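# just to be clear, the model below is a prediction. Sequence and coordinates:
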Amino acid sequence: MHILDIAENSIKAEAKKLTISIEERKSKDLISIQITDDGKGMDQKTKAKALDPFFSTRKERRIGLGLSLLQEAAKAANGHFSLKSEAGKGTRVKATFQASHVDTKPLGDIPQTLITLIVGSPDVDLCYRHITDDSEFLLDTKDIRSQLDGIPINSPEVLNIIKNHIKEGLVKLRR
């Protein structure tokens, strides 16, 4: 849910390109999640408040738990958290976790997370990269759209193909 929440923040910040990178390095006992966008970014004042769970730029909700909960999850799992943002340039959120730590949460349903983002924001270029010690999986909606010959990327048929492609790619990573 952290990934979805932060990615949705990127989209609300008018990102046209969103990159989600996950590294699972058993050899280093490390899981890393990085979400980068080219949205509005944050000025220094907003960035300073961004990790406060009672701060949000949203009008419909007065609390902003996404970043603060991800930061706490990383710390609880012997990891680190960083937030880099510049107004007009975009934002990068990175969290690392000790993979073997008892408090490291599972990644969750990555295929459904990505499909949810594609359905909700079909015009955003979403690049998903998942790396393990032995392999890499890459999904880029810009490349997919270029092959669709006008068929909407969020049509049910296309979404089903994409979701199956993601599932197959992630299964191959774990072999």
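Yep, it's here. Residues are numbered from 1 along each chain as shown.
# which of the three states applies to the nearest residue to residue 137 once chain neighbours are set aside?
Nearest residue to residue 137, sequence neighbours excluded (C-beta to C-beta, 6 or more residues apart in numbering): residue 169, at 3.9 Å. C-beta: built from backbone N, CA, C; applies to glycine. Three-state assignment for residue 169 (DSSP: H, G, I helix; E, B strand; the rest coil): helix.
# please look at residue 169 and residue 130 and confirm they touch.
Yes: using C-beta atoms under 8 Å, residue 169 is in contact with residue 130, at 7.5 Å.
# any common contacting residues for the two?
Listed as contacting both residue 169 and residue 130 by C-beta atoms under 8 Å, 6 or more residues apart in numbering are residue 137.
# after the lowest-mean-pLDDT helix or strand in the chain, next one along is what?
The helix or strand of the chain with the poorest confidence is helix 44-49; it has a mean of 83 (mean pLDDT, DSSP states H and E). Downstream of helix 44-49, the next assigned helix or strand under DSSP states H and E is helix 65-76.
# counting contacts, what elements does that following helix pack onto?
helix 2-12, strand 80-86, strand 90-98 (3 or more C-beta pairs under 8 Å, 6 or more residues apart in numbering; DSSP states H and E).
# nearest to residue 117, of the ones you listed?
Minimum separation from residue 117 across the helices and strands packed on helix 65-76 (C-beta to C-beta) falls at helix 2-12, 5.5 Å.
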